[in-house]
Every structure is written in C-alpha cells, then in structure tokens.
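Got a predicted model here, sequence first, then my questions.
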Amino acid sequence: MIYFYRGKIIKTIDKQPIKIDMAGEFMIRKANIRDIERIMEIVYIAKSFMKNMGNPNQWKEEYPQQAHFEKDIAMGNCYVVENEGVVRAVFVFVIGEDPTYSIIKDGNWLNNEEYGTLHRIASDGKFKGVFNTILNYAKMYTSNIRIDTHENNIIMIKLFEKNGFKKCGKIKVEDGSERIAYHWVEVE
C-alpha cells in the first residue's frame, strides 16, 4: 500500500502513514470483490455529477456496469483510493497495449513506446486532489500514460491539460462513440 498526502507520496513508518492532515491523506490499494458495492455507489455519484455538469453521454445507464469492475478486479487492474478507511475513488490502471488506442484519428500519439492507461476514474466528490493522487501513482510505474474522455467532460479535460497531458486526436470506444485522446510523457 502506498500513502499520499495532497497527491504526493509520503513516507511511511512501520507501514503507518505520517499523520499530517487526514483530509488530504489517501491510500491506494488494489480493489477486491468486497469493494464492489462501494465502487458502484461511487459510479452512481459520478454519473449524476457528470450529467449535472453537462456531460450526460460519457457514462450512460449501461456503462460502466458492475461486471466491468468485477472483470477489472479479477485481472488485478482495479484500484481504490481510501481516506480514513473509506473508499473515496476508483480507477483502472493497466500497463501495456490498449486495443481502444490502436487507431487514432485527427492526430498521433506522442510515441509508440509501452504505456500505462487510466480508465474509469470516479470519486465520491468529498475530497480535492484525487486525480493528482491517481496520476502520481501511475507515474511511479510508467513515464508514458494515455487517457481519454468525452468532449463534454470539461472538468477532466482541464485536469489533463493542467497536468501536462497533450491532446493527440480522437479514438473510438467499445460502443463506437468518440473520445478525445490525451498522452503524457515524462520530460527528462
């Protein structure tokens, strides 16, 4: 388990996080099947939030379903973000080729090297800095990250651009709808 404070990794002492400010301290761990009910609660909250923010089409009623997260958990790619033992966010992180990203139009990826992909990021909205925490976690494992979002998801677009992601073009997801594709590469 890795502990974060305000999106940055903090040291641990005997596997206990340094107590700085509980409102800003997160722990990331692999999700397990016991988390599924809370994950789906968070997805419901996220869907409602997206709809209220003018983005009703990214996560429609049929997506994502519990079966998506159950599969991600079984494959070891689903993670949860906890604060004080309560799951506050969920995301999927995979290193390796993502078939969704094999065809990009109206642009190109920044490189063709191995990359990590972040998918299905959702939070209960109780804390700021969750995306930065997730991104910093992913950056520990790869210097090459791809991500996508719906054109109406202005909040995520702003987060991507604020965190150095470059808009690369458009991809199509499983249902055939388009998403804006972003890519982040660590600058040495």
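Cool, the structure landed. Numbers count the residues shown, from 1 in each chain.

Show me the strands in this structure, by range?
Ranges of strands within the chain are 2-5, 8-9, 12-13, 16-17, 25-30, 78-83, 86-95, 116-123, 144-149, 166-172, 178-185, based on DSSP state E.

between the fifth one and strand 78-83, what angle do the directions make?
It refers to strand 25-30. 160 degrees (axes from the mean of the first three to the mean of the last three CA atoms, to 10 degrees).

buried ones in strand 25-30?
The neighbour-count check on strand 25-30 (16 or more other CB atoms under 10 Å) flags 25, 26, 27, 28 as buried. All C-beta spots, glycine's among them, are computed from the backbone N, C-alpha and C.

So in that sheet, which strands flank that strand, and in what orientation?
In the sheet, strand 25-30 lines up against strand 2-5 (antiparallel), strand 78-83 (antiparallel) (DSSP bridges).

Next, the angle from it to strand 86-95.
Relative orientation of strand 25-30 versus strand 86-95 (the same axes, to 10 degrees): 50 degrees.

and strand 25-30, how far out from the chain's middle?
Averaging C-alpha positions (CA atoms, centre = their mean, to the nearest Å) puts strand 25-30 13 Å from its chain's average.

what pLDDT does the most centrally placed residue in the chain get?
The chain has residue 121 as the residue nearest its centroid, 3.5 Å off, counting by CA atoms, centre = their mean. For residue 121, the pLDDT comes out at 92.

That one contacts residue 91, doesn't it?
Yes. Counting by CB atoms under 8 Å, residue 91 is a contact partner of residue 121 at 4.5 Å.

Common neighbours of these two, please.
residue 134 (CB atoms under 8 Å, 6 or more residues apart in numbering).

longest helix of the chain?
helix 36-52 (DSSP state H).

Other residues contacting that helix?
For helix 36-52, the external contacting residues (CB under 8 Å, 6+ apart) are 31, 56, 58-59, 64, 66, 69-70, 73, 78, 80, 87-90, 122-125, 153.

Need the buried ones from those selected in ChimeraX.
If you want just the buried ones from the contacts of helix 36-52 in ChimeraX, going by 16+ other CB under 10 Å, the selection is:
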select :31,58,59,64,69,73,78,80,87,88,89,90,122,123,124,153
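
Surely residue 183 and residue 143 touch.
No. With contact defined as CB under 8 Å, residue 183 does not reach residue 143; the gap is 11.6 Å.

Can you pick out the residue with more neighbours from the two?
Just comparing residue 183 and residue 143: by other CB atoms under 10 Å the higher neighbour count belongs to residue 183, 24 against 16.
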